[in-house]
Structure formats: C-alpha cells, structure tokens
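Student: any chance you can model this:
(one chain, ligands or ions: 1)
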Amino acid sequence: MKFSEYNFHEKVLKGIETAQFEEPMPVQEQVFAHSLQGRDVLVQSQTGSGKTAAFLITYLDRFVREEKPFKALIIVPTRELADQIEDDARLLASGIPDIRIATFFGGMGYQKQDKAVTLGVDLFIGTPGRLIDFQSSKKIDFTSLDMVIIDEADRLFDMGFYPDIKKMLSRMRPAAERQTMLFSATLSTRVRHLAWEYMSNPATVEIEAERVTVEDIKQGIYHVPKDEKFKLLLHVINQRNPENALIFTNTRHRAVEVAKRLQINGYQSQFLMGDLPQRKRLKIINSMKEGKLRFLVATDVAARGLHINDLSLVVNYDIPEDYENYVHRIGRTARAGKSGAAVSFACEQFVYGLEAIENFIKMKIPVEWQDSLEDVDDKSTDVPAGELKYRTQQERRPSSRQPRGPRNRKPKEQEKRVRQKPKKKDHPVTPDAPAPKSRKPQRQTVRQHEESSIQALPLEQRIAIYKEKYGSSLEKRSEEAKPKQQKNTEAEPVQKSRKGRGLFSRLFRKEQ
Ligand code: AMP
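Tutor: Below is the predicted model:
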C-alpha cells in the first residue's frame, strides 16, 4: 500500500512527498493500523526500521485535523536523537507552516528554549532532565499534552531515566485522555510494566530485527598496515570493478578522507555524515539508489536505515568495533536473496574487533592475499592533510547564514575597507617613509597593514619605529584617549579604534 492510498491530510502527504517516502515501511504500516484510530501502541522496533516517521506522521495528521491545539511530547534519551527527530519532523511538516516544534535538552543554556516556550510550542522533543526542569518551573504544562511518545525506551531505562519517565507520566492527564506510543528495541519486563501502568489498552506491534544470512555473502579479509589501507582500497576497486560499493569507516573524519581521496583518484564518491541536513542525506542516498553515484563512504550512524538494493560490494575500511555492526554492514549487500560480497581491512588499529566478529557469526572469515601494493597509483598522496579533513556543520556553514542582527551587520563601506589590500608602493614600513596623510579611506588600510608588519619586529625596534613615526603624540594620545576615542568610534570602524588604543597603551606601559 502506498502513502497516497492512506487517508492522510494533504498537508501531511506534502511532507511525505518532500521526504521522498513512497511506501510505508513495515513498522509504519503496522503502527498506522492502530495509531490512526487514536489507539495507544507499544512497539518493538530497531533503529533504522522507520519508527520515527511512524510516530511523526501519526502526530502530524492529528495535528492538522484537530480543531483545538494538539500538543505532543517526544521523550528521547539523547540530545543527538532529539536533534535528529527535530530534523525529520521539520521535513515531514513542510506542508504545515504554522506548526511550532522545539527541542529541550541539557548541556546548553536556557535562553533559546525559554524563548520557544514563550512563543508557544506544539511539538516538544527532549530529554527527561531538561523537560522535568521546565515542567517544575511551570514553563511547560504536562497536563496540556494530547499525545506522548517515548522513543528508545530501553535506552532511556539503561541510562537510568526509568524513575524520571514515571515521574513525567504521573504529572500528565490520565492515560485514557491522551494517546501514548512507546517504542523500544526490546519489550523487556520494565517496558511492559510501564506500558501496563501508564498506557491505555495498547496494541502491541513487534517488528523483528533485520535478519541477515551471512552465508549468502562472499566474505574476505585482508591484513594490511593502516598506512596502506587506501592503496588497498584502490587495488580492490581495480581488481573487482564493482558496479557500486558502500564503504564503512569507524569515524566521520576517515569517511571524509576516504571519499575525498577517491574523488582525487577519479572515482565518483560521496560521504554520508550524521550531521548532514536530512535533505542532503536523502539526495546522496537517492543518487546511490538511482545508480548515479558509484561509491558511498559512511559511518555506522550515518548509514542507519540505508536501504539500497543491488549493492555489489561492502568494504569495511575499518573493522567495526561493535561486532553486531559487522552483520548490519555486510547485510546491505545480498539483499532480497541475492548474493553479494564484503571485504574487510584488518589493520593494527582495528584488528582487535575481528575475534568477536568471528565468534558472533560463528565462522572464520577467509583471508585474501594481495600482491604488493607498490604498483598501485594513488594520486592523493601529495594532497595536504588539511584538504582531506572533515569540517563540522558549523564550520561548513557559510558565514552569510549566521544570524544577522543589527550588531552583526557590517556597513558595506566598512566591509570593503577591511578587505581592500593596500598596494605595495603605498605602504613602506620604514620609519623614514611615513604613510601619506591625504586620501582618508586609503590611509586607514595602509596603517593597518603597516602596524601588522611592525608588530612582527622585536619590541625594541617597534618602539623605536613608533617613537619616530608618531613622536610625542604617543604619550599625548594615551592620556587624552577617552574623549577623542569616543568621537572616533562613531566616525571610524569600531575595530580599528579599539585596536589602535590597545596597541598604543601597551607600548606606552612597556616604556614606563
Ligand atoms: P528511523 O528508524 O526512524 O531512524 O528511520 C530510518 C531511515 O528510514 C531514515 O533515514 C528515514 O528517513 C527512512 N525512512 C523512514 N520511512 C521511510 C519510508 N517510508 N521510505 C523510505 N525511507 C524511509
């Protein structure tokens, strides 16, 4: 059944379309069967199963249909998960512009979260500690909630949040007066107990964890020094010539490095980061699915829920530290009864994970022998390490996207002055040739440049130059600074006048 065949509100269908979801995943299908009737659901499902969209779509559909405000709270164990759910929610709510979504978690100031509650929130997403804080200070009213979702309940309990969850639920309206959905990887006794106490006759949905039959996958392991892994990757690609491949690394930094080095060597490749915006992630995943992208380098977190059929090869560039991830990784090939191949590179850093993997899959992975890698031509060896580095989302964000309040806004004129490079003949650094006094705007740039050149000199020389250049005005300026500076601040760039003052006063102090 397709999403379009459900009776979702058109605003919700628009979001589903934006997210490029066509058919519901099994957990969604089974949850919708109960949740769209307003029933409580207790769901056993794994990360990557599509559970987030199951509860978000249920909420959004009710939000647009209900006449009165319809508020929901999603309780999660970590800040990262809160952020991820917020991203998914904004994407799926792209057809509902009036919805107000906000996240609440510790480890950051209260200002932004306070502002959100003042403006009003429809969908709260947060971790227990901060949510209880807000409830205790009466900034969030738990009795106003119409829907509660507890995500990754088993993880919440492992982290010691069981009493907090009970406390939160006990401060809400009775279970029959709200809809409650609980998601957990396992339906442990504690999970069931919570459901029994705080849910209203919930329907139970159990989605089996993805079962991978490793027997269908042709596995191999290469023992290789860490420094030669990239050459080995090139060798494997040349030798096996796979139609496409998913390459796993243990860190984001390595994923970026490998993807960039593949590009330098002329291979079409991309990296997948957990912190890439969801739209970009989808774009990359889709280009892989459509056969437009040949190599995708990803970490385990980024590859969660990645459903690419017809994958020819999986490469464990790093042996995973968690043995279960080995099975998840290689299970991405050999889907739907097809046979596939997976190779792993065991280096001195990650070889220690191998024994646990072999115990887990109950087989020895056959060793592959490669000839010398000396002949492999790697065009990325001379590229400076800095160019292969991973930059966080913050670092990648162009400065133009930073908030531009009146304080951040630079007058165009000032921006130009700072950027303008003085011509060499205009700025002799020697004391014998002071900067020309006319041409006002130019003079400032020249002086800035001059000062930075002078600062590179030893202190004694600097003082001599300044004395000669500015003579007695050095002392005078330092004393008279205040009223004049104030005037200057208005007429000249703030940065400039501050810099000047600091420099003069420092030199002056040193002299005394
Ligand atoms: P989750 O288990 O909620 O972390 O979801 C795993 C991944 O599946 C996410 O990247 C979702 O964007 C994706 N996803 C969820 N529902 C669907 C769907 N119906 N079709 C395709 N992808 C989906």
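Student: doesn't residue 74 lie inside a strand?
Tutor: Yes - per DSSP: H, G, I helix; E, B strand; the rest coil, residue 74 lies within a strand segment.
Student: how many neighbouring residues does it have?
Tutor: Per other CB atoms under 10 Å, the neighbour tally for residue 74 reads 27. (Glycine included, C-beta is placed from N, CA and C.)
Student: isn't it right up against residue 124?
Tutor: Yes - using CB atoms under 8 Å, residue 74 is in contact with residue 124, at 7.0 Å.
Student: can you give me the helices in the stretch 101-250 of the chain?
Tutor: In the stretch 101-250 of the chain, the helices defined using DSSP state H, counting those that start in this stretch lie at 111-119, 128-136, 153-158, 162-170, 189-198, 229-240.
Student: could you tell me the least trusted of those helices?
Tutor: Ranked by mean pLDDT, these end with helix 153-158 at the bottom, a mean of 88.
Student: and that one, what does it pack against?
Tutor: Counting contacts by 3 or more CB pairs under 8 Å, 6 or more residues apart in numbering; DSSP states H and E, helix 153-158 packs against helix 162-170, strand 179-184, helix 189-198.
Student: go with 6 Å
Tutor: Here helix 153-158 touches strand 179-184, going by 3 or more CB pairs under 6 Å, 6 or more residues apart in numbering; DSSP states H and E.
Student: which of the helices of the stretch 101-250 of the chain sits closest to residue 277?
Tutor: helix 111-119 (19.1 Å; CB to CB).
Student: so what does that closest one touch, helix or strand wise?
Tutor: By 3+ CB pairs under 6 Å, 6+ apart, helix 111-119 packs against no helix or strand.
Student: get me the contact residues on this structure for the ligand.
Tutor: 21, 24-25, 28, 47-53, 304-305 (CB under 6 Å from any ligand atom).
Student: can you lay out these as CSV showing pLDDT and distance to residue 287?
Tutor: Listed next are the residues of the chain next to the ligand as CSV, based on pLDDT from 0 to 100; distance: CB to CB, whole Å:
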residue, pLDDT, distance to residue 287
21, 90, 17
24, 95, 23
25, 92, 21
28, 96, 24
47, 74, 24
48, 73, 20
49, 82, 23
50, 88, 21
51, 93, 25
52, 94, 23
53, 96, 21
304, 62, 18
305, 57, 17
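Student: tell me the one of the residues you listed nearest residue 104?
Tutor: For the residues of the chain next to the ligand, the nearest to residue 104 is residue 52 (17.6 Å; CB to CB).
Student: nearest residue to the closest one in space, ignoring adjacent ones along the chain?
Tutor: Leaving aside its chain neighbours, residue 52 sits nearest to residue 88 (5.2 Å; criterion: CB to CB, 6 or more residues apart in numbering).
Student: could you check how far that neighbour is from residue 322?
Tutor: 24 Å (CB to CB, to the nearest Å).
Student: more neighbours, the two?
Tutor: Remark: of residue 88 and residue 322, residue 88 carries more neighbours, 17 against 13, as counted by other CB under 10 Å.
Student: count of neighbours near residue 40?
Tutor: Residue 40, neighbours per other CB under 10 Å, totals 23.
Student: now swap in residue 189 and tell me
Tutor: 7.
Student: so it versus residue 196, what's the distance?
Tutor: 10 Å.
Student: hmm, back to that, list only buried entries from the residues of the chain next to the ligand.
Tutor: By the neighbour-count criterion of 16 or more other CB atoms under 10 Å, the residues of the chain next to the ligand include these buried positions: 21, 24-25, 28, 47-53.
Student: who touches the residue lying closest to residue 340 once chain neighbours are set aside in this structure?
Tutor: Leaving aside its sequence neighbours, residue 340 sits nearest to residue 333 (CB to CB, 6+ apart; 2.8 Å). Residue 333 is in contact with 311, 314, 340, counting by CB atoms under 6 Å, 6 or more residues apart in numbering.
Student: picking that back up, looks like the residue nearest to residue 52 contacts residue 51 (just checking).
Tutor: No - Residue 88 is not in contact with residue 51 according to CB atoms under 6 Å; the separation is 10.6 Å.
Student: residue 342 and residue 218 touch, don't they?
Tutor: No - Residue 342 is beyond contact range of residue 218, at 7.4 Å (criterion: CB under 6 Å).
Student: settle it for me: which of these two has more neighbours?
Tutor: Between residue 342 and residue 218, residue 342 has the larger neighbour count (other CB under 10 Å), namely 26 against 15.
Student: pretty sure the more buried one is in a strand, no?
Tutor: Yes - counting by three-state DSSP, residue 342 is part of a strand.
Student: ok, it - contacts?
Tutor: Contacts of residue 342 by CB under 6 Å, 6+ apart are 217, 219, 314, 330.
Student: roughly how far apart are the second one and the ligand?
Tutor: Just to be clear, that refers to residue 219. 26 Å (CB to the nearest ligand atom, to the nearest Å).
Student: residues contacting residue 323?
Tutor: Residue 323 touches 356-357, 360, counting by CB under 6 Å, 6+ apart.
Student: actually residue 127, not the one I wrote
Tutor: residue 105.
Student: ok, 8 Å please
Tutor: Contacts for residue 127 (CB atoms under 8 Å, 6 or more residues apart in numbering) come out as 75-79, 82, 104-106.
Student: same thing with residue 31?
Tutor: 41, 43, 51, 54-55, 58, 181, 205.
Student: now swap in residue 191 and tell me
Tutor: If you count contacts by CB under 8 Å, 6+ apart, then residue 191 has 42, 153-154, 157, 182, 184 around it.
Student: will you turn the residues you listed into JSON lines that also has neighbour count?
Tutor: Formatted as JSON lines, the contacts of residue 191 follow (neighbours: other CB atoms under 10 Å):
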{"residue": "42", "neighbour count": "24"}
{"residue": "153", "neighbour count": "28"}
{"residue": "154", "neighbour count": "17"}
{"residue": "157", "neighbour count": "18"}
{"residue": "182", "neighbour count": "27"}
{"residue": "184", "neighbour count": "25"}
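Student: just send those residues back as TSV, with distance to residue 92 too.
Tutor: Converted to TSV, the contacts of residue 191 look like this (distance: CB to CB, whole Å):
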residue	distance to residue 92
42	23
153	22
154	25
157	27
182	20
184	22
